[in-house]
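S.K.: Here is my input, please return the structure:
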Amino acid sequence: MDTVRLVLVWLSWHMVDPQAFLQIRKSVTQLAHYFVVGILSNSVGYLMYLSATYLGATPKITMTLLYGVGAAIGFVGNRNLTFSYKGSLIRSGIRYIIVHCVGYVINLVILIVLVDRLGYPHQWIQAMAIFVVAGFLFLAFKFFVFTSVNISNTEKR
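M.R.: Presented below is the predicted three-dimensional model:
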């Protein structure tokens, strides 16, 4: 009963505050666009990963090469479609690279620990790692890379 009451309070608060409702709607739209961009780029990348490892390439080297290609393709899709970012290309590009370096390390650590140390099959672990890294990247893109710049505050300085 308390959960229902909390949900009703939350809903009524957001119905009264149209700005909060619009912000939630914007975030959900961004997440949906991020999902579409991610499904397209990661599906192709994962099939390339499976093909390369099937032909004898090592999982970590394959992931490293494909990570860079996927990140480059994702920059265009996420900058334009997901976040409709109109700010500095250089600023967002540098931050995008920083975030992807962290994402790469997360992916690499997952492979080292779960495949090399614990012996799980790399095919399943890499598939799982895609989702873990994607969640991190969405939040980092939204709050660090493609953040809205408040022009009125910048002009006052």
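
S.K.: Can you give me the pLDDT of the spatially closest residue to residue 115 that is not a sequence neighbour?
M.R.: Spatial nearest neighbour of residue 115, chain neighbours left out: residue 122 (4.7 Å); criterion: Cβ to Cβ, 6 or more residues apart in numbering. Where you see a C-beta, it was placed from the backbone N, CA and C, and this is true even at glycine. Per-residue confidence at residue 122 stands at 93 (pLDDT).

S.K.: what's around residue 122, how many residues?
M.R.: By the criterion of other Cβ atoms under 10 Å, residue 122 has 20 neighbours.

S.K.: go on, residue 137?
M.R.: Residue 137, neighbours per other Cβ under 10 Å, totals 22.

S.K.: got any ranges where this structure has weak pLDDT?
M.R.: Residue ranges of the chain with pLDDT under 70: 1, 4-18, 21, 149-157.

S.K.: can you do 80?
M.R.: For the chain, applying pLDDT under 80 flags the ranges 1-22, 148-157.

S.K.: Can you tell me which helices and strands the longest helix along it packs against?
M.R.: Using DSSP state H, we find that the single longest helix of the chain is helix 18-54. Applying 3 or more Cβ pairs under 8 Å, 6 or more residues apart in numbering; DSSP states H and E, one finds that helix 18-54 contacts helix 2-16, helix 59-77, helix 122-140.

S.K.: Provide the secondary structure category for residue 87.
M.R.: On the three-state scheme (DSSP: H, G, I helix; E, B strand; the rest coil), residue 87 is labelled coil.

S.K.: Next, count neighbours for it.
M.R.: Residue 87 has 15 neighbours, counted by other Cβ under 10 Å.

S.K.: and the gap between it and residue 79?
M.R.: 9 Å (Cβ to Cβ, to the nearest Å).

S.K.: anything in contact with each of these two?
M.R.: Residues touching both residue 87 and residue 79 by Cβ atoms under 8 Å, 6 or more residues apart in numbering: residue 146.

S.K.: Residue 138 reaches residue 34, doesn't it?
M.R.: Yes. Checked against Cβ atoms under 8 Å, the pair residue 138 and residue 34 is within contact range at 5.3 Å.

S.K.: Thanks a lot, see you next time.
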